[in-house]
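# What follows is a predicted protein model with its sequence.
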Amino acid sequence: MNTSTTDIASVWTLLETVVDPEIPVLTVADLGIIRDVHLTEGGVEVVITPTYSGCPAMHMIEVQIMAALKEAGFEDVKIKTVLSPAWTTDWITEEGMAKLEKFGIAPPRKNQEVPNCPQCGSPHTKLLSQFGSTACKSLWQCQECKEPFDHFKCH
Amino acid sequence: MNQPASPSLFQFVLYMADNCLVLGHRLGEWCGHGPVLEQDIAMTNISLDLIGQARLYYQYAAELEGKGRTEDDLAYLRSEREYTNALLVELPNGDFAHTIARQFLFDAWHLPFLKTMLSSPDPGLADIAGKAVKEVTYHLKWSREWVLRLGDGTEESQLRMQVALDEAWMYRLELLMPAPFEQWLIDAGVIAGPDEIREEWERTITDTIREATLVLPEDPAVQTGGKTGIHTEHLGHMLADLQYMQRAYPGLEW
(Lines give C-alpha, C1' and ligand atoms only; values in the text may rest on other atoms or scores of the structure.)
Protein backbone atom coordinates (compact mmCIF):
# COMPACT_ATOMS: atom_id res chain seq x y z
CA MET A 1 0.00 0.00 0.00
CA ASN A 2 1.25 3.44 -0.85
CA THR A 3 0.58 5.46 2.27
CA SER A 4 1.70 8.78 0.83
CA THR A 5 -0.87 8.60 -1.95
CA THR A 6 -3.53 7.77 0.59
CA ASP A 7 -2.48 10.66 2.79
CA ILE A 8 -2.51 13.14 -0.06
CA ALA A 9 -5.94 11.94 -1.09
CA SER A 10 -7.17 12.33 2.47
CA VAL A 11 -5.80 15.87 2.63
CA TRP A 12 -7.75 16.75 -0.52
CA THR A 13 -10.86 15.22 1.02
CA LEU A 14 -10.34 17.38 4.12
CA LEU A 15 -9.89 20.47 1.97
CA GLU A 16 -13.34 19.74 0.53
CA THR A 17 -14.70 20.65 3.97
CA VAL A 18 -13.01 24.06 4.21
CA VAL A 19 -15.33 26.74 2.88
CA ASP A 20 -14.81 30.32 1.79
CA PRO A 21 -15.95 32.45 4.73
CA GLU A 22 -17.50 35.04 2.38
CA ILE A 23 -19.20 32.55 0.04
CA PRO A 24 -19.86 29.56 2.29
CA VAL A 25 -21.25 27.37 -0.51
CA LEU A 26 -17.81 27.17 -2.10
CA THR A 27 -15.01 25.03 -0.74
CA VAL A 28 -11.40 26.07 -1.20
CA ALA A 29 -11.09 23.20 -3.66
CA ASP A 30 -14.07 24.53 -5.69
CA LEU A 31 -12.39 27.94 -5.77
CA GLY A 32 -9.27 26.48 -7.32
CA ILE A 33 -6.92 28.20 -4.90
CA ILE A 34 -5.21 24.98 -3.77
CA ARG A 35 -2.23 24.67 -6.09
CA ASP A 36 -0.49 21.69 -4.57
CA VAL A 37 -0.47 19.32 -1.63
CA HIS A 38 2.62 17.40 -0.65
CA LEU A 39 3.87 15.50 2.32
CA THR A 40 6.83 16.77 4.26
CA GLU A 41 8.97 14.91 6.75
CA GLY A 42 6.76 15.54 9.73
CA GLY A 43 3.51 16.49 8.09
CA VAL A 44 2.00 18.20 5.11
CA GLU A 45 2.42 21.35 3.07
CA VAL A 46 -0.50 22.97 1.27
CA VAL A 47 0.32 25.46 -1.46
CA ILE A 48 -2.34 28.09 -2.02
CA THR A 49 -2.67 31.17 -4.21
CA PRO A 50 -4.66 34.29 -3.31
CA THR A 51 -7.71 35.31 -5.32
CA TYR A 52 -7.38 39.10 -5.04
CA SER A 53 -4.27 40.70 -3.48
CA GLY A 54 -6.29 42.31 -0.72
CA CYS A 55 -8.92 39.64 -0.16
CA PRO A 56 -9.45 39.61 3.62
CA ALA A 57 -10.85 36.07 3.45
CA MET A 58 -7.42 34.64 2.58
CA HIS A 59 -6.12 34.81 6.13
CA MET A 60 -9.28 33.19 7.46
CA ILE A 61 -8.98 30.45 4.85
CA GLU A 62 -5.39 29.72 5.93
CA VAL A 63 -6.47 29.46 9.55
CA GLN A 64 -9.31 27.12 8.60
CA ILE A 65 -7.11 24.86 6.48
CA MET A 66 -4.62 24.70 9.32
CA ALA A 67 -7.35 23.81 11.82
CA ALA A 68 -8.95 21.15 9.60
CA LEU A 69 -5.65 19.38 9.00
CA LYS A 70 -4.52 19.55 12.61
CA GLU A 71 -7.81 18.21 13.78
CA ALA A 72 -7.39 15.28 11.40
CA GLY A 73 -4.10 14.44 13.04
CA PHE A 74 -1.52 16.12 10.84
CA GLU A 75 0.96 17.62 13.26
CA ASP A 76 3.25 19.71 11.15
CA VAL A 77 1.05 21.71 8.78
CA LYS A 78 2.63 24.34 6.56
CA ILE A 79 0.80 26.68 4.26
CA LYS A 80 2.77 28.26 1.48
CA THR A 81 1.40 31.11 -0.62
CA VAL A 82 2.48 31.48 -4.22
CA LEU A 83 1.49 34.35 -6.52
CA SER A 84 2.35 32.83 -9.85
CA PRO A 85 0.62 31.74 -11.96
CA ALA A 86 -1.96 34.30 -10.87
CA TRP A 87 -5.33 32.89 -9.87
CA THR A 88 -8.06 33.04 -12.45
CA THR A 89 -11.77 32.32 -12.24
CA ASP A 90 -11.13 29.64 -14.91
CA TRP A 91 -9.91 27.50 -12.03
CA ILE A 92 -13.30 27.47 -10.31
CA THR A 93 -14.67 23.98 -10.83
CA GLU A 94 -17.86 23.27 -12.80
CA GLU A 95 -19.37 22.13 -9.53
CA GLY A 96 -18.36 25.45 -7.96
CA MET A 97 -19.99 27.36 -10.82
CA ALA A 98 -23.25 25.47 -10.30
CA LYS A 99 -23.13 26.07 -6.54
CA LEU A 100 -22.63 29.79 -7.05
CA GLU A 101 -25.61 30.03 -9.36
CA LYS A 102 -27.81 28.11 -6.94
CA PHE A 103 -26.65 30.43 -4.14
CA GLY A 104 -27.84 33.46 -6.14
CA ILE A 105 -24.46 34.62 -7.45
CA ALA A 106 -24.05 34.70 -11.22
CA PRO A 107 -20.95 32.62 -11.93
CA PRO A 108 -18.01 33.92 -14.00
CA ARG A 109 -18.62 32.50 -17.46
CA LYS A 110 -15.98 33.26 -20.03
CA ASN A 111 -17.26 34.95 -23.21
CA GLN A 112 -20.38 36.07 -21.40
CA GLU A 113 -20.02 39.73 -20.57
CA VAL A 114 -23.60 40.12 -19.41
CA PRO A 115 -24.54 37.47 -16.85
CA ASN A 116 -27.98 35.87 -16.72
CA CYS A 117 -30.08 36.59 -13.67
CA PRO A 118 -29.40 33.77 -11.17
CA GLN A 119 -32.97 34.15 -9.83
CA CYS A 120 -35.15 34.00 -12.98
CA GLY A 121 -32.57 33.17 -15.66
CA SER A 122 -33.30 36.24 -17.76
CA PRO A 123 -30.45 37.51 -19.96
CA HIS A 124 -31.75 41.08 -19.58
CA THR A 125 -29.58 42.36 -16.77
CA LYS A 126 -27.87 45.65 -16.03
CA LEU A 127 -24.57 46.48 -14.34
CA LEU A 128 -25.07 48.71 -11.29
CA SER A 129 -21.46 48.80 -10.10
CA GLN A 130 -18.15 47.19 -11.05
CA PHE A 131 -17.52 46.71 -7.35
CA GLY A 132 -19.76 44.66 -5.12
CA SER A 133 -19.92 43.31 -1.60
CA THR A 134 -16.51 41.63 -1.94
CA ALA A 135 -13.47 42.24 -4.15
CA CYS A 136 -14.42 39.38 -6.47
CA LYS A 137 -17.97 40.49 -7.26
CA SER A 138 -19.81 43.19 -9.20
CA LEU A 139 -23.36 44.33 -8.57
CA TRP A 140 -26.12 43.80 -11.16
CA GLN A 141 -29.87 44.08 -11.46
CA CYS A 142 -32.26 41.93 -13.45
CA GLN A 143 -34.45 43.98 -15.81
CA GLU A 144 -37.19 41.34 -15.77
CA CYS A 145 -37.64 40.29 -12.14
CA LYS A 146 -35.95 43.49 -10.82
CA GLU A 147 -33.86 41.55 -8.31
CA PRO A 148 -30.40 42.91 -7.64
CA PHE A 149 -27.69 40.24 -7.64
CA ASP A 150 -23.95 39.69 -7.36
CA HIS A 151 -21.85 38.54 -10.27
CA PHE A 152 -18.54 36.79 -9.63
CA LYS A 153 -16.28 38.77 -11.97
CA CYS A 154 -14.22 37.01 -14.62
CA HIS A 155 -10.69 37.44 -13.44
CA MET B 1 18.66 35.04 -5.18
CA ASN B 2 22.03 33.93 -3.87
CA GLN B 3 23.79 37.16 -4.61
CA PRO B 4 22.85 40.14 -2.45
CA ALA B 5 19.86 42.02 -3.84
CA SER B 6 20.59 45.40 -5.34
CA PRO B 7 19.76 48.35 -3.05
CA SER B 8 17.99 49.94 -6.01
CA LEU B 9 15.62 47.00 -6.30
CA PHE B 10 14.80 47.24 -2.61
CA GLN B 11 14.16 51.00 -2.93
CA PHE B 12 12.00 50.50 -5.98
CA VAL B 13 9.89 47.80 -4.34
CA LEU B 14 9.40 50.11 -1.35
CA TYR B 15 8.43 52.95 -3.69
CA MET B 16 5.75 50.78 -5.31
CA ALA B 17 4.57 49.66 -1.88
CA ASP B 18 4.37 53.24 -0.59
CA ASN B 19 2.36 54.37 -3.62
CA CYS B 20 -0.14 51.59 -3.05
CA LEU B 21 -0.39 51.97 0.72
CA VAL B 22 -0.74 55.75 0.72
CA LEU B 23 -3.36 55.80 -2.04
CA GLY B 24 -5.12 52.82 -0.48
CA HIS B 25 -5.26 54.62 2.85
CA ARG B 26 -6.63 57.77 1.23
CA LEU B 27 -9.40 55.80 -0.45
CA GLY B 28 -10.12 54.07 2.84
CA GLU B 29 -10.78 57.51 4.35
CA TRP B 30 -13.91 57.60 2.18
CA CYS B 31 -15.35 54.56 3.96
CA GLY B 32 -18.81 55.56 5.16
CA HIS B 33 -18.56 58.98 3.48
CA GLY B 34 -19.02 58.11 -0.22
CA PRO B 35 -21.51 60.12 -2.28
CA VAL B 36 -23.65 57.03 -2.83
CA LEU B 37 -23.42 53.52 -1.41
CA GLU B 38 -22.13 51.90 -4.62
CA GLN B 39 -19.27 54.36 -4.91
CA ASP B 40 -18.43 54.09 -1.24
CA ILE B 41 -18.07 50.35 -1.86
CA ALA B 42 -16.10 50.92 -5.06
CA MET B 43 -13.56 53.15 -3.30
CA THR B 44 -13.10 50.76 -0.40
CA ASN B 45 -12.74 47.85 -2.83
CA ILE B 46 -10.01 49.69 -4.72
CA SER B 47 -8.46 50.60 -1.38
CA LEU B 48 -8.40 46.94 -0.42
CA ASP B 49 -6.77 45.94 -3.71
CA LEU B 50 -4.08 48.59 -3.27
CA ILE B 51 -3.38 47.72 0.35
CA GLY B 52 -3.18 44.05 -0.69
CA GLN B 53 -0.68 44.97 -3.39
CA ALA B 54 1.25 47.10 -0.88
CA ARG B 55 1.54 44.06 1.38
CA LEU B 56 2.96 41.95 -1.46
CA TYR B 57 5.57 44.63 -2.16
CA TYR B 58 6.44 45.15 1.53
CA GLN B 59 6.81 41.40 2.04
CA TYR B 60 9.09 41.24 -0.97
CA ALA B 61 11.08 44.28 0.20
CA ALA B 62 11.55 42.71 3.62
CA GLU B 63 12.81 39.54 1.97
CA LEU B 64 15.20 41.49 -0.29
CA GLU B 65 16.55 43.48 2.62
CA GLY B 66 17.09 40.36 4.71
CA LYS B 67 17.60 42.21 7.96
CA GLY B 68 14.68 40.80 9.83
CA ARG B 69 12.34 43.73 9.26
CA THR B 70 8.78 42.66 8.45
CA GLU B 71 6.10 44.13 6.22
CA ASP B 72 4.60 45.78 9.30
CA ASP B 73 7.91 47.39 10.27
CA LEU B 74 8.22 48.85 6.79
CA ALA B 75 4.67 50.20 6.75
CA TYR B 76 4.33 51.40 10.32
CA LEU B 77 7.79 52.34 11.49
CA ARG B 78 9.28 54.43 8.71
CA SER B 79 9.03 58.18 9.01
CA GLU B 80 7.67 60.61 6.47
CA ARG B 81 11.09 61.29 4.96
CA GLU B 82 11.64 57.57 4.47
CA TYR B 83 8.42 57.21 2.46
CA THR B 84 9.12 57.54 -1.25
CA ASN B 85 5.65 57.52 -2.79
CA ALA B 86 4.88 59.98 -5.56
CA LEU B 87 3.28 63.21 -4.32
CA LEU B 88 0.12 62.60 -6.35
CA VAL B 89 -1.10 59.74 -4.18
CA GLU B 90 -0.80 61.61 -0.88
CA LEU B 91 -2.98 64.54 -1.96
CA PRO B 92 -6.04 64.86 0.28
CA ASN B 93 -9.34 63.44 -0.91
CA GLY B 94 -10.95 66.85 -1.43
CA ASP B 95 -14.38 66.51 -2.99
CA PHE B 96 -15.32 63.41 -5.02
CA ALA B 97 -13.96 65.03 -8.21
CA HIS B 98 -10.54 65.55 -6.59
CA THR B 99 -10.45 61.90 -5.57
CA ILE B 100 -11.38 60.89 -9.13
CA ALA B 101 -8.75 63.16 -10.72
CA ARG B 102 -6.04 61.76 -8.43
CA GLN B 103 -7.16 58.18 -9.07
CA PHE B 104 -7.44 58.61 -12.82
CA LEU B 105 -4.01 60.20 -13.19
CA PHE B 106 -2.51 57.44 -11.06
CA ASP B 107 -4.32 54.57 -12.82
CA ALA B 108 -3.39 55.96 -16.24
CA TRP B 109 0.25 55.42 -15.25
CA HIS B 110 -0.21 52.35 -13.05
CA LEU B 111 -1.84 50.04 -15.60
CA PRO B 112 0.59 50.48 -18.51
CA PHE B 113 3.51 50.35 -16.09
CA LEU B 114 2.31 47.06 -14.55
CA LYS B 115 1.88 45.63 -18.04
CA THR B 116 5.59 46.21 -18.66
CA MET B 117 6.44 44.79 -15.24
CA LEU B 118 4.81 41.48 -16.24
CA SER B 119 7.89 40.72 -18.33
CA SER B 120 10.47 41.88 -15.80
CA PRO B 121 13.37 39.42 -15.52
CA ASP B 122 12.98 39.77 -11.75
CA PRO B 123 10.50 37.02 -10.82
CA GLY B 124 9.36 38.82 -7.66
CA LEU B 125 8.26 41.87 -9.64
CA ALA B 126 6.72 39.84 -12.47
CA ASP B 127 4.66 37.76 -10.01
CA ILE B 128 3.25 40.81 -8.24
CA ALA B 129 2.47 42.45 -11.57
CA GLY B 130 0.57 39.30 -12.60
CA LYS B 131 -1.78 39.75 -9.64
CA ALA B 132 -2.01 43.53 -9.71
CA VAL B 133 -2.58 44.06 -13.43
CA LYS B 134 -5.95 42.32 -13.29
CA GLU B 135 -7.11 44.47 -10.37
CA VAL B 136 -5.80 47.75 -11.73
CA THR B 137 -7.61 47.15 -15.03
CA TYR B 138 -10.84 47.60 -13.06
CA HIS B 139 -9.48 50.66 -11.27
CA LEU B 140 -8.74 52.52 -14.50
CA LYS B 141 -12.08 51.52 -15.96
CA TRP B 142 -13.81 52.96 -12.90
CA SER B 143 -11.86 56.21 -12.61
CA ARG B 144 -12.04 56.86 -16.37
CA GLU B 145 -15.81 56.37 -16.37
CA TRP B 146 -16.16 58.88 -13.54
CA VAL B 147 -14.04 61.49 -15.32
CA LEU B 148 -16.43 61.06 -18.27
CA ARG B 149 -19.56 61.15 -16.17
CA LEU B 150 -18.60 64.18 -14.12
CA GLY B 151 -16.99 66.02 -17.05
CA ASP B 152 -19.87 65.43 -19.43
CA GLY B 153 -22.44 65.84 -16.67
CA THR B 154 -24.06 68.88 -15.14
CA GLU B 155 -22.62 72.37 -15.18
CA GLU B 156 -21.50 71.97 -11.59
CA SER B 157 -20.00 68.49 -11.96
CA GLN B 158 -18.11 69.64 -15.04
CA LEU B 159 -16.74 72.68 -13.24
CA ARG B 160 -15.64 70.62 -10.25
CA MET B 161 -14.03 67.93 -12.41
CA GLN B 162 -12.14 70.60 -14.33
CA VAL B 163 -10.92 72.31 -11.15
CA ALA B 164 -9.83 68.96 -9.70
CA LEU B 165 -7.91 68.01 -12.85
CA ASP B 166 -6.26 71.43 -13.02
CA GLU B 167 -5.11 71.10 -9.43
CA ALA B 168 -3.75 67.55 -9.71
CA TRP B 169 -2.15 68.17 -13.10
CA MET B 170 1.29 69.28 -11.90
CA TYR B 171 1.72 66.07 -9.92
CA ARG B 172 1.14 63.62 -12.76
CA LEU B 173 4.59 63.77 -14.35
CA GLU B 174 6.56 62.69 -11.30
CA LEU B 175 5.45 59.12 -11.99
CA LEU B 176 7.26 59.21 -15.31
CA MET B 177 10.45 60.85 -14.08
CA PRO B 178 12.86 58.12 -12.94
CA ALA B 179 14.44 58.48 -9.52
CA PRO B 180 18.07 57.31 -9.31
CA PHE B 181 16.98 53.88 -8.08
CA GLU B 182 14.63 53.54 -11.04
CA GLN B 183 17.25 54.70 -13.51
CA TRP B 184 19.61 52.04 -12.20
CA LEU B 185 16.97 49.35 -12.73
CA ILE B 186 16.03 50.72 -16.16
CA ASP B 187 19.68 50.57 -17.22
CA ALA B 188 19.92 47.04 -15.86
CA GLY B 189 16.81 46.02 -17.83
CA VAL B 190 14.82 45.13 -14.71
CA ILE B 191 12.02 47.67 -15.20
CA ALA B 192 10.77 49.61 -18.22
CA GLY B 193 11.72 53.21 -18.79
CA PRO B 194 9.13 55.97 -19.15
CA ASP B 195 9.37 56.01 -22.93
CA GLU B 196 7.91 52.52 -23.10
CA ILE B 197 4.64 53.65 -21.56
CA ARG B 198 4.49 57.35 -22.38
CA GLU B 199 2.35 56.94 -25.49
CA GLU B 200 -0.33 54.80 -23.88
CA TRP B 201 -0.32 57.00 -20.75
CA GLU B 202 -0.68 60.19 -22.75
CA ARG B 203 -3.37 58.77 -25.01
CA THR B 204 -5.46 57.51 -22.08
CA ILE B 205 -5.32 60.92 -20.41
CA THR B 206 -5.91 63.14 -23.44
CA ASP B 207 -8.61 60.93 -25.01
CA THR B 208 -10.51 60.71 -21.75
CA ILE B 209 -10.34 64.44 -21.08
CA ARG B 210 -11.50 65.18 -24.61
CA GLU B 211 -14.33 62.66 -24.45
CA ALA B 212 -15.38 64.14 -21.09
CA THR B 213 -15.70 67.55 -22.82
CA LEU B 214 -13.11 68.91 -20.41
CA VAL B 215 -10.19 71.17 -21.23
CA LEU B 216 -6.69 69.72 -21.24
CA PRO B 217 -4.86 71.68 -18.53
CA GLU B 218 -2.00 73.71 -19.94
CA ASP B 219 -0.15 74.39 -16.72
CA PRO B 220 3.51 73.52 -17.42
CA ALA B 221 4.44 73.41 -13.71
CA VAL B 222 5.75 70.08 -12.46
CA GLN B 223 5.90 69.20 -8.79
CA THR B 224 8.26 66.44 -7.65
CA GLY B 225 10.02 65.31 -4.49
CA GLY B 226 8.09 62.33 -3.18
CA LYS B 227 10.48 59.76 -4.61
CA THR B 228 13.34 61.31 -2.65
CA GLY B 229 11.30 61.68 0.54
CA ILE B 230 10.43 65.36 0.19
CA HIS B 231 6.68 65.39 0.63
CA THR B 232 3.77 67.79 0.75
CA GLU B 233 2.55 68.76 4.20
CA HIS B 234 -0.23 66.20 3.83
CA LEU B 235 1.74 62.96 4.16
CA GLY B 236 2.90 63.53 7.73
CA HIS B 237 -0.66 64.02 8.92
CA MET B 238 -1.75 60.88 7.13
CA LEU B 239 1.07 58.80 8.59
CA ALA B 240 0.31 60.10 12.06
CA ASP B 241 -3.11 58.54 11.64
CA LEU B 242 -1.92 55.37 9.90
CA GLN B 243 0.98 54.68 12.27
CA TYR B 244 -0.52 55.87 15.54
CA MET B 245 -1.28 52.47 17.00
CA GLN B 246 2.14 50.90 16.38
CA ARG B 247 3.94 54.03 17.55
CA ALA B 248 1.89 54.30 20.75
CA TYR B 249 1.86 50.57 21.51
CA PRO B 250 4.94 49.04 19.85
CA GLY B 251 4.41 45.45 18.79
CA LEU B 252 0.66 45.58 19.32
CA GLU B 253 -1.21 42.78 17.60
CA TRP B 254 -4.92 42.26 17.08
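Nice, I can see it. Note that the structure is predicted; figures quoted are calculated from it, not measured.
# Up against chain A, what does the stretch 1-150 of chain B have?
Along the stretch 1-150 of chain B, the residues adjacent to chain A under the rule Cβ under 8 Å from any Cβ of the partner chain are B:38-39, B:41-42, B:45-53, B:55-56, B:123, B:126-128, B:130-132, B:134-135, B:138, B:141-142. In short, each C-beta sits where N, CA and C put it, glycine included.
# thinking B:Leu114 is in contact with B:Glu135, fair?
No: with contact defined as Cβ atoms under 8 Å, B:Leu114 does not reach B:Glu135; the gap is 9.3 Å.
# Go ahead and build a ChimeraX selection from the buried members of the residues of the stretch 1-150 of chain B next to chain A.
To isolate the buried ones among the residues of the stretch 1-150 of chain B next to chain A in ChimeraX, judged by 16 or more other Cβ atoms under 10 Å in any protein chain shown, type:
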select /B:39,41,42,45,46,47,48,49,50,51,52,53,55,56,127,128,130,131,132,134,135,138,142
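# what do B:Leu114 and B:Glu135 both touch?
Shared between the contact lists of B:Leu114 and B:Glu135 (criterion: Cβ atoms under 8 Å, 6 or more residues apart in numbering or on different chains) there are no residues.
# Among the residues of the stretch 1-150 of chain B next to chain A, which are located in helices?
Secondary structure assignment (DSSP state H) places B:38-39, B:41-42, B:45-53, B:55-56, B:123, B:126-128, B:130-132, B:134-135, B:138, B:141-142 from those within helices.
# Could you list which residues are in contact with whichever residue of chain B sits closest to chain A?
Closest approach of chain B to chain A (Cβ to the nearest Cβ) occurs at B:Gly52, with a separation of 2.5 Å. By Cβ under 8 Å, 6+ apart, the residues touching B:Gly52 are A:50, A:52-55, B:135.
# now these as JSON lines including pLDDT?
As requested, the contacts of B:Gly52 are arranged in JSON lines below (pLDDT from 0 to 100):
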{"residue": "A:Pro50", "pLDDT": "92"}
{"residue": "A:Tyr52", "pLDDT": "89"}
{"residue": "A:Ser53", "pLDDT": "89"}
{"residue": "A:Gly54", "pLDDT": "87"}
{"residue": "A:Cys55", "pLDDT": "86"}
{"residue": "B:Glu135", "pLDDT": "95"}
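# So which of these is the closest to A:Val77?
For those, the minimum distance to A:Val77 (Cβ to Cβ) is 18.5 Å, reached by A:Pro50.
# Run a quick neighbour tally on the closest residue in space to that closest one that isn't next to it in sequence.
Leaving aside its sequence neighbours, A:Pro50 sits nearest to A:Met58 (Cβ to Cβ, 6 or more residues apart in numbering or on different chains; 5.0 Å). Using other Cβ atoms under 10 Å in any protein chain shown, A:Met58 is surrounded by 20 other residues.
# got any ranges where chain B has weak pLDDT?
Low-confidence segments of chain B (pLDDT under 70): B:1-4.
# That one: helices as residue ranges?
B:7-28, B:37-65, B:71-76, B:87-90, B:96-117, B:123-151, B:155-168, B:180-187, B:195-211, B:233-248.
# Mean neighbour count, those: which tops it?
Across the helices of chain B, the average number of neighbours (mean count of other Cβ atoms under 10 Å in any protein chain shown) peaks for helix B:87-90, which reaches a mean of 26.
# Which strands or helices does that one pack on?
With contacts defined as 3 or more Cβ pairs under 8 Å, 6 or more residues apart in numbering or on different chains; DSSP states H and E, the packing partners of helix B:87-90 are helix B:7-28, helix B:96-117, helix B:233-248.
# Might you report the residue contacts of residue 114?
All of this refers to chain A. With contact taken as Cβ under 8 Å, 6+ apart, A:Val114 is in contact with A:123, A:125, A:127.
# should've been chain B
Going by Cβ under 8 Å, 6+ apart, B:Leu114 touches B:129, B:132-133, B:136.
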